[in-house]
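**Q** Task: produce atomic coordinates for the following.
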Amino acid sequence: MATSNSSGSYASCDFEIFGTVQGVFFRKYTQQQATKLKLVGWVKNAASGSVQGHMEGRKEDIDKMKSWLRTTGSPKSKITKADFANEKTITELTGKSFDVNK
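**A** Numbering: from 1, shown residues only. Now for the predicted structure:
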């Protein structure tokens with residue numbers, strides 16, 4: 001069952017991260033950071049060599065995660081570009097956890 005916050009609104013956002021982001025534990029660190037920020041969603045390696053995902057949570061936490069995805073990532077990653085798309089306000093979360101998809 002989804003939960004709501006006091007303001008009744010959350011944000012959702014899709015992302016794609018480019019650079020040296022596969023084979024450097026990027027997904028694992030992304031999952032840890034998202035969980036720390038109480039976000040739900042998923043992250044996966046794309047065939048093109050990028051990492052793609054979807055996140056949902058409070059707007060301020062989404063913004064923190066976007067900054068982390070742009071500038072931090074995993075210790076051995078080298079992020080060259082971060083794209084964010086389909087940003088919108090939602091009334092409830094569609095998941096319970098942030099998962100690494102294969």
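
**Q** need the longest strand for this structure.
**A** Counting residues, the longest strand in the chain under DSSP state E turns out to be strand 78-90.

**Q** Any buried residues in that strand, and which?
**A** For strand 78-90, a neighbour-count test (16 or more other C-beta atoms under 10 Å) marks 79, 82, 84 as buried. Every residue, glycine included, has its C-beta placed from N, CA and C.

**Q** for the chain, what spans make up the strands?
**A** Going by DSSP E, the chain shows strands at 10-20, 40-45, 51-57, 78-90, 98-101.

**Q** Reformat those as a markdown table; add mean pLDDT.
**A** A markdown table is the format used below for the strands of the chain (pLDDT from 0 to 100):
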| stretch | mean pLDDT |
| --- | --- |
| strand 10-20 | 97 |
| strand 40-45 | 98 |
| strand 51-57 | 98 |
| strand 78-90 | 97 |
| strand 98-101 | 97 |
